[in-house]
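In: I would like to see how this sequence folds:
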Amino acid sequence: MTKKRMLETVIVLLCIVVVLIAVFIQLKYDVNVVQYVRYSFPFSSEEKQYMKEKKILIYGGDNHAPPFSFVNKKTGEYEGLVVDYMDSISIQCGVRIEKKPYSWEQTVLFLKNNSIDMVDMFPTKSRAESFSFTQPIYKLTGEIVAREGTDLNIHNLKGKRIGVIRDDFAEEYFRSSYSKETGSRVELRYVNNVNEGLDKILSGDIDALAGDAAVIEYLENKRGDETKFRELGIEIYRKDVAFAVNKDNQMLLGILNKAILQLKRKNVIEQVQRKWFGSDTLIFKNSKMYNYGLLLLIILIATGIIVILWSSLLCQRIEEKTKELRKNQNDLKTIIDSLKLYIMVIDGSEVILDCNSCVAEKLGLPSGQILKRSLREFPLFYHLYRICDSKSTEVHDVSYAGNYYDLRSTNLVSDVPRKLFIVEDVTHEAVIQRKMRQYSKMVAVGHLSAGLAHEIRNPLGLIRNYLYVLRGYVTDDVSEHAVRVSNESVSRINNLVANLLNFSRKNMDRSEAIDLKRFLENIIELEQKELLQDMIDVRVEDNYGKMIWTNSESLKVIFLNILENSIAAFNEVNNRKNMIRFDLQRNGEKVEIKVQDNGCGMSEKTLESMFDPFFTTKETGVGLGMYMVQTEVERLGGEITVESHECEGTIIRIVLPSEEELSR
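Out: Numbers count the residues shown, from 1 in each chain. Alright, predicted model coming up:
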């Protein structure tokens, strides 16, 4: 190689090295080579004299921009990433720095009139007219957040109320990008800080909030409101943050640049950021480019041996992880197989992708003959899957072929639709519960019927016989009336006993198609005498308009008792228009009957005990009416709720299943 060629090669290599060094410096320290050399010099005598004369430098920062700068409400201290960084600058410069919190608007104003010495902010053309900026410290991005559940997006912001902090860069962004000239003007609403802006979104005072993403996300986490807000999916700015000083304070600008470069070399801001962000993810300008540049340098200096060793180590780690993963999969399979549940993974075409051993035992086939087959080939699981898929993700007490099952279905995270389908056989539990209910019912009915039949019917028979004898001795109207009333009372008591005995008879389980409106009108007709006597206006409003399939005897017990109680509620009410309303309406797939009166109402204590057997507030009552009402409603598979206020009235809501609806 000639000397000229060698010299050219050396020059090229030197140029490459210089370029790589320059790129490395720019990427890592955010300054060019000239600035790097200038800022690497120690403080000059003039700079030292300046700091000696100043004695104290004043840093003004936002008082509510966590985690960068904020006032801790618990301690009253001014804290944050930038506040901690200022302590490091103070040590590096050897001068005391006093940190003062203000609102952002005050901070900018005080910097302009030299009340403070420095502020961290975005460098912009408009701000550069009043301030000088140091080299970048870190990078911030801006975002727009709105309340979760709204349809707000970046394309429909026109006319919306956007919250911004006065003089913040977000305000500049909207004034330039959403101005009247662009035809998409927004309504800017000023907020004092991000926390206030988040509160105003929740209260509806503004539609969205624009600001620094790191501050917004930090406050959302601190407030526990991550699920209440959503980002609009656009980065409205990504800019460097630097220290700003007054335009005429160039001496301080040079001091800060030298201090910042020294702190960057010591990785001080990385350490401070880990404290506040809890991660190694840094918010530096060109951090990604720096990683690429660092990777380039590593590639240039790496050797084949390192690559081979790394590859060997990587293969070894992959093999270890693969073995560990396989072991975990086997352990999980063992655990799933040990569960007394039928577990399957089903794709969108209803093909079985996986199943546990319980499914194989139930079907009497090995797992290999079940996988990749359509669920339709197995009627039991197909029937249960269709029920769960059509109703909800969780269904209980599904009956099939004499057994009862609980069903659960969960969508799995995957590139293709897949569901985890779990079936639990609860036949044993369902049978036990049914037997327990039936046993409790029969015990109660047995006690009632046996006791009443023996203790009431025998004396009633004697009374009725003696009344028959006494009738022959009656000689005047008063005596005849007394005998007749006594005989009617005996008949009424006898009917009550008969109703209680009928409570457990098999014919009570017989269902039929019933027109609810006509049925209720017939019930009302039975009580017409009492209704007219108490001047009670009774109406039935039918907003349902269909027949239902249910047990008429149970409905008689329910609505006769409710109507009699409503009539009795007017005995203690005077000088008002007495009213009872029956309102029939649809409640999902069920029918709801609302019975409302404006009688005397009930106290909270009475309301709590009204369904207890033998609880009554009537002097002549036995306390079984509402107990029988609740029992019959539950036997029909329905629900009953009661609302009542003293001196205002009572509302009873009964929701019954409409197992079979017939058009009128």
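
In: Low-confidence regions, the stretch 251-400 of the chain specifically.
Out: Low-confidence segments of the stretch 251-400 of the chain, defined by pLDDT under 70, are located at 278-295, 297-298, 301-313, 391-392.

In: If we use 50, what do you get?
Out: Applying pLDDT under 50 to the predicted model, the residue ranges of the stretch 251-400 of the chain that meet it are 280-282, 284-287.

In: And the helices in it, which stretches?
Out: For the stretch 251-400 of the chain, the helices identified by DSSP state H, counting those that start in this stretch occupy 268-277, 287-301, 304-338, 357-363, 379-391, in order along the chain.

In: how about TSV for the ones you listed, with mean neighbour count and distance to residue 612 added?
Out: Backbone N, C-alpha and C define where each C-beta goes, glycine included. Formatted as TSV, the entries for these read as follows, by neighbours: other C-beta atoms under 10 Å; distance: least, C-beta to C-beta, whole Å:
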stretch	mean neighbour count	distance to residue 612
helix 268-277	16	60
helix 287-301	13	71
helix 304-338	10	45
helix 357-363	17	44
helix 379-391	16	35
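
In: Tell me how far residue 433 lies from residue 631.
Out: With the distance defined as C-beta to C-beta, to the nearest Å, residue 433 ends up 16 Å from residue 631.

In: quick one, which of those two is more surrounded?
Out: Remark: of residue 433 and residue 631, residue 631 carries more neighbours, 20 against 13, as counted by other C-beta atoms under 10 Å.

In: Which of the helices of the stretch 251-400 of the chain sits closest to residue 223?
Out: Shortest separation from residue 223 across these is recorded for helix 268-277, at 16.6 Å, computed as C-beta to C-beta.

In: now that closest one: how far from the chain's centre is it?
Out: Here the centre of mass of C-alpha atoms in helix 268-277, compared against the chain's by C-alpha atoms, centre = their mean, to the nearest Å, lies 33 Å away.

In: helices or strands up against it?
Out: Here helix 268-277 is seen to pack against helix 81-93 when contacts are counted using 3 or more C-beta pairs under 8 Å, 6 or more residues apart in numbering; DSSP states H and E.

In: So what angle separates the directions of the helix it packs on and helix 268-277?
Out: Orientation note: helix 81-93 sits at an angle of 150 degrees relative to helix 268-277 (axes from the mean of the first three to the mean of the last three C-alpha atoms, to 10 degrees).

In: quick one: contacts of helix 81-93?
Out: Around helix 81-93, the neighbours that count as contacts under C-beta atoms under 8 Å, 6 or more residues apart in numbering are 43, 51, 57, 59, 61, 67-69, 96-97, 99, 120, 137, 255-256, 259-260, 262-263, 268-269, 272-273, 275-277.

In: which residue ends up closest to the midpoint of this protein in space?
Out: Nearest to the mean C-alpha position of the chain, by C-alpha atoms, centre = their mean, lies residue 227 at 7.3 Å.

In: Quick check on that one: phi, psi?
Out: Backbone geometry at residue 227, expressed as degrees, to the nearest 10, gives phi -80, psi -10.

In: The nearest residue in space to it that is not next to it in sequence: how many residues sit nearby?
Out: On the basis of C-beta to C-beta, 6 or more residues apart in numbering, the spatially nearest residue to residue 227 that is not a chain neighbour turns out to be residue 148, at 6.4 Å. Counted by other C-beta under 10 Å, the residues lying close to residue 148 total 12.

In: check contacts around residue 148.
Out: Contact criterion C-beta under 8 Å, 6+ apart gives 227-230 as the residues in contact with residue 148.

In: So which of the residues you listed sit within helices?
Out: Assignment to helices by DSSP state H places none of the contacts of residue 148 there.

In: Help me confirm that residue 141 comes into contact with residue 237.
Out: Yes - the pair formed by residue 141 and residue 237 meets the contact definition of C-beta atoms under 8 Å, at 6.7 Å.

In: Looking at those two, which one has more neighbours?
Out: Using other C-beta under 10 Å as the criterion, residue 141 and residue 237 rank with residue 237 on top: 16 against 13.

In: ok but the more buried one is inside a strand, no?
Out: Yes - counting by DSSP: H, G, I helix; E, B strand; the rest coil, one finds residue 237 located in a strand.

In: Excluding sequence neighbours, find me the nearest residue to it.
Out: Once flanking residues are discounted, residue 237 sits nearest to residue 142: 4.2 Å by C-beta to C-beta, 6+ apart.

In: Can I get the helix or strand encompassing that neighbour as CSV, trimmed to CA atoms?
Out: Using DSSP states H and E, residue 142 maps to strand 138-147. Extracted C-alpha coordinates of strand 138-147, given in CSV (Å, rounded to 0.1, in the frame of the first residue of the first chain):
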residue,chain,number,x,y,z
TYR,A,138,-35.4,15.4,29.3
LYS,A,139,-38.2,14.9,26.8
LEU,A,140,-42.0,15.2,27.4
THR,A,141,-44.9,14.2,25.3
GLY,A,142,-48.4,15.7,25.3
GLU,A,143,-51.7,13.9,25.2
ILE,A,144,-55.4,14.5,25.3
VAL,A,145,-57.5,12.5,27.7
ALA,A,146,-61.3,12.3,28.0
ARG,A,147,-63.7,10.4,30.2
